[in-house]
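Undergrad: below: sequence and its predicted model.
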Amino acid sequence: MRTHRGGVAALVMAVALAFAGAVYVFLWFVSGAQSSGMVPSTLGLWTMGNLVRFILYAVFWELLLVGVPTAVAAVAFWQWWRRLPDGGRGGYRFGGGSRSTGGGGGFSLLLFIAFCIKVYIDGKWNVAIGTFTLNYVVDSVVTILAWGLVIFGIPAAIALTWWLSREMKKP
């Protein structure tokens, strides 16, 4: 670290700029979305269409204005790091080792997408979310979980039955 103070300082500055840029782009997008009329300024008037459009546009602008430059900078840093002689790296390595995690948030995303589909099928896509009752939301979640059991549970039960029948036939 001492031999490459400039590189470390540049890396720290780049991370700070990327974080500040992400916050600034999001704040810019929020104010632009409200002033352009893309979304209502009162959250109780938002519809699922507003919510999904807002999320997709926010992700697009974040990727375009922050993600792409950050990826280019990361590739440049990686190329600089690879060109250092082994002794110049000070024993630091990137990439190796175990990276096991406790899991991800994939189920939440799938539940949200399924809820969006359910709202669309029910014809409430352009209805203010503030008018949804607790019974509607809970019934929708139960219906979505039932769909999940049918879509994933039946093939899993068939596969398990097939696997067990093959295991039982083995000597």
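TA: Looks like it arrived, so ask away. Residues are numbered from 1 along each chain as shown.

Undergrad: contact partners of stretch 134-153?
TA: 111, 114, 115, 118, 119, 122 (Cβ atoms under 8 Å, 6 or more residues apart in numbering). C-betas here are computed from N, CA, C, even on glycine.

Undergrad: would CSV of those residues with pLDDT, distance to residue 5 and secondary structure be doable?
TA: Shown next, in CSV, are these (pLDDT from 0 to 100; distance: Cβ to Cβ, whole Å; DSSP: H, G, I helix; E, B strand; the rest coil):
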residue, pLDDT, distance to residue 5, secondary structure
111, 91, 47, helix
114, 94, 51, helix
115, 95, 50, helix
118, 95, 55, helix
119, 95, 54, helix
122, 96, 60, coil
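
Undergrad: just the buried residues of those.
TA: The neighbour-count test (16 or more other Cβ atoms under 10 Å) marks 114, 115, 118, 119 as buried among those.

Undergrad: show the contacting residues for the third one.
TA: Taking Cβ under 8 Å, 6+ apart as the criterion, residue 118 is in contact with 140, 143, 144.

Undergrad: so which of the residues you listed is the closest to residue 13?
TA: Of all these, residue 13 sits closest to residue 144, with 44.8 Å by Cβ to Cβ.

Undergrad: okay, and that closest one sits in which element?
TA: In this structure, residue 144 sits in helix 134-148 according to DSSP states H and E.

Undergrad: residue 15 too?
TA: With DSSP H and E as the test, residue 15 turns up in helix 5-35.

Undergrad: other SSEs contacting that helix?
TA: helix 48-62, helix 68-83 (3 or more Cβ pairs under 8 Å, 6 or more residues apart in numbering; DSSP states H and E).

Undergrad: which among the buried ones among the contacts of stretch 134-153 gets closest to residue 82?
TA: residue 114 (43.0 Å).

Undergrad: look up the closest residue to the closest one, ignoring the ones flanking it.
TA: Spatially, and ignoring its direct neighbours in sequence, residue 114 is nearest to residue 144 (4.4 Å; Cβ to Cβ, 6 or more residues apart in numbering).
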